[in-house]
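Undergrad: Structure for this input, please:
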Amino acid sequence: MGKKVTKAIFPVAGMGTRFLPATKSVPKEIMTLVDRPLVQYAIDEARAAGIKEFIFVTSRGKGALEDYFDHAPQLEHLLRKKGKDQLLETLQNTNMESGAIAYIRQHKALGLGHAVWCARRLIANEPFAVMLPDDVIAAETPCLQQMVEAHAETGGNMVAAMEVEPEKASSYGMLDIEEDMGQMVKVKGMVEKPKADESPSNLAVIGRYILEPSVLRNLNQIKSGSGGEIQLTDAIARDIEQNGNVYGYRFKGQRFDCGSKSGFLQATVAFGLAREDLRDDLHSYLHSLMQVDKAAQ
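TA: Residues are numbered from 1 along each chain as shown. This is a model prediction of the structure:
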């Protein structure tokens, strides 16, 4: 049985250069998907999974991200005065209680493994989650909640996995499978960004992890031993060698890569169509676009 997972690390130190010029003044994580910042989707998913402590690994220029989670007394007072209770409730869902949130600076962009390593002193000897806000997942049961429930049975390390086309393997960490148990796979190796014909499977790791503290110790050793970027994949792979306790979890849901412009646009359409207040207008607009497109052909 796995220990309860109550802490999550959110690596948000990236510069978001793919979204320039927007990210010149706005951190990518608070760019809005419909009417909520990207990071709010990750926070809501973490809360649904029972996360109580939120650790953000940030960098220079992320002040707006920190302010987003603060209380806004004047705005709340104004909404209360105007009787806008629904908006007030929406706003209060963005607040973080004092002490629930911590910010750690990553001073050099040395990769995801290094970002997670930066938060090591706040983790202690317990399993923890890592969530990449760029990966937004539409699911009936939030993805991390699915994983936490599965982790309670298995313990060890768990990575969210999804099937990808062979030609896309070079964009992901790919799993080498020892045993396929359906929803879950036991992992015997991980290969970072292999060529299409060299990938050990079609199961790719995406931005949700539940990790044991031993992974942090592995990162410590990798950190002292190599230059350049420090890959989280390498530290998890080392745990396979030492403990044989890494699982891939085929989550139920649709993942959008909001680190890319096309993924962000697709997510905007999908989440817009899922909203009752927006669905009809958006659907009729998209339908009319398709008709114009057909006529042009």
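Undergrad: how near is Met162 to Phe69?
TA: With distances taken as Cβ to Cβ, to the nearest Å, Met162 is found 29 Å from Phe69. The way it works is simple: take the backbone N, C-alpha and C, and place the C-beta from them, glycine included.
Undergrad: I should have written Ser260 there, sorry.
TA: In terms of Cβ to Cβ, Ser260 sits 25 Å off from Phe69.
Undergrad: ok, these two, which is more surrounded?
TA: Taking other Cβ atoms under 10 Å, Ser260 and Phe69 do not tie; Phe69 has more neighbours (19 against 14).
Undergrad: so who does the more buried one touch?
TA: Thr94, Asn95, Met96, Ile101 (Cβ atoms under 8 Å, 6 or more residues apart in numbering).
Undergrad: Let's see that with 10 Å instead.
TA: By Cβ atoms under 10 Å, 6 or more residues apart in numbering, the contact list for Phe69 reads 30, 39-40, 43, 54, 56, 94-97, 100-101, 103.
Undergrad: tell me the two of these that are most distant?
TA: Maximum pairwise distance in the contacts of Phe69, criterion Cβ to Cβ, is 19.6 Å, between Ile30 and Glu97.
Undergrad: what about the two, which has more around it?
TA: Legend: neighbour count by other Cβ under 10 Å for Ile30 and Glu97, higher for Ile30 (20 against 9).
Undergrad: Chain neighbours aside, what residue packs nearest to that one?
TA: Excluding its sequence neighbours, the residue lying closest to Ile30 (Cβ to Cβ, 6 or more residues apart in numbering) is Pro37, at 4.0 Å.
Undergrad: I'd guessed that neighbour sits against Asp67; true?
TA: No - using Cβ atoms under 10 Å, Pro37 makes no contact with Asp67, being 11.5 Å away.
Undergrad: Now for these two: what residues contact both?
TA: Ile30.
Undergrad: Neighbour count: these two, which is higher?
TA: More crowded of Pro37 and Asp67, by other Cβ under 10 Å: Pro37, with 21 against 10.
Undergrad: so how far is Lys28 from the residue most central in space within the chain?
TA: For the chain, Leu132 is the residue whose C-alpha lies nearest the centre (Cα atoms, centre = their mean; 2.5 Å). In this view, Leu132 and Lys28 are 12 Å apart by Cβ to Cβ.
Undergrad: what is in contact with the two at once?
TA: Contact with both Leu132 and Lys28 is made by residues Val12, Gly14, Cys258, Gly259, according to Cβ under 10 Å, 6+ apart.
Undergrad: Phi, psi for the residue nearest to the centre of the chain please.
TA: Backbone torsions of Leu132, given as degrees, to the nearest 10, read phi -100, psi 110.
Undergrad: So which residues of the stretch 51-200 of the chain form helices?
TA: 63-68, 73-81, 85-92, 112-118, 143-154 (DSSP state H, counting those that start in this stretch).
Undergrad: can you put those in CSV and add mean pLDDT?
TA: Formatted as CSV, the helices of the stretch 51-200 of the chain follow (pLDDT from 0 to 100):
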stretch, mean pLDDT
helix 63-68, 78
helix 73-81, 83
helix 85-92, 80
helix 112-118, 88
helix 143-154, 92
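Undergrad: Out of the ones you listed, which one sits most buried?
TA: helix 112-118 (a mean of 23; mean count of other Cβ atoms under 10 Å).
Undergrad: Can you get me the centre-to-centre distance for that one and its chain?
TA: Mean C-alpha position of helix 112-118 versus that of the full chain (Cα atoms, centre = their mean, to the nearest Å) differs by 14 Å.
Undergrad: can you give me the strands for the stretch 1-150 of the chain?
TA: With strands called from DSSP state E, counting those that start in this stretch, the stretch 1-150 of the chain shows them at 7-11, 32-33, 36-37, 53-58, 101-105, 128-131, 135-138.
Undergrad: same check, this time on the stretch 151-297 of the chain
TA: 157-163, 173-180, 184-192, 203-211, 246-250, 254-257.
Undergrad: May I have the strands that pair with the fourth one, each with its orientation?
TA: The strands that strand 203-211 pairs with in its sheet are strand 128-131 (antiparallel), strand 157-163 (antiparallel), strand 173-180 (antiparallel) (by DSSP bridges).
Undergrad: Kindly calculate the angle that that strand makes with strand 246-250.
TA: Here strand 203-211 runs at an angle of 120 degrees relative to strand 246-250 (axes from the mean of the first three to the mean of the last three Cα atoms, to 10 degrees).
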